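[1] I'll drop the sequence and a predicted model, then ask my questions.
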Amino acid sequence: MARVRHDRLDCSPGCAVEATLQFIDGKWKGVILYHLLTGTLRFNEIRRRLPSVTPRMLTTQLRELEADGFVARKVFAEVPPKVEYSLTERGRTLEPVISALKAWGDANAGEAAGKTIGAGEAA
């Protein structure tokens, strides 16, 4: 589950933002949510889309998202085991937030990678 930074979330006008970020806090949660926006995925499908994540970390992040009510986990009684993950109705409410984060990242990722024009250089 997300760690709590405050006992109450009415401490300042920005606390609603902090409360939202607590739910998607974690290196992989936002990316997992982004990929689940396209539909239901099995564990290994998510892993293939996130090649840098370890199976243990992916499992932990999925469990936290499930505990927070954003992801539904469906287990099929078959061999080998089949598990599918999808966004819940509550998880779908994060779509505009995740889409806005992606749009901002698309527009500003070059700066983070050091591709900005240095001070004093012409455009």
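    Everything's here; your move.

[2] who's in contact with the residue nearest to the spatial centre of the chain?
    For the chain, the residue nearest the mean C-alpha position is residue 30 (1.5 Å; Cα atoms, centre = their mean). Taking Cβ atoms under 8 Å, 6 or more residues apart in numbering, we find residue 30 in contact with 24, 98, 101. Every C-beta, even on glycine, is put in place using the N, C-alpha and C of the backbone.

[3] and if we set it to 6 Å?
    Neighbouring residues of residue 30 by Cβ atoms under 6 Å, 6 or more residues apart in numbering: residue 24.

[4] how near is it to residue 84?
    Counting by Cβ to Cβ, to the nearest Å, the gap between residue 30 and residue 84 amounts to 20 Å.

[5] Could you pull out the helices in this protein for me?
    Using DSSP state H, the helices of the chain run over residues 15-24, 29-36, 43-49, 55-67, 89-92, 95-112.

[6] Tell me how far the second one lies from the chain's centre.
    It stands for helix 29-36. Helix 29-36 sits 4 Å away from the centroid of its parent chain (Cα atoms, centre = their mean, to the nearest Å).

[7] The one helix or strand in the chain whose mean pLDDT sits lowest vs helix 95-112, what angle?
    When the helices and strands of the chain are compared on mean pLDDT, DSSP states H and E, helix 15-24 comes out lowest with a mean of 81. Helix 15-24 runs at 90 degrees relative to helix 95-112, counting by axes from the mean of the first three to the mean of the last three Cα atoms, to 10 degrees.

[8] The residue nearest to residue 73 when sequence neighbours are not counted: neighbour count?
    Leaving aside its sequence neighbours, residue 73 sits nearest to residue 66 (Cβ to Cβ, 6 or more residues apart in numbering; 5.3 Å). Close neighbours of residue 66, defined as other Cβ atoms under 10 Å, add up to 15.
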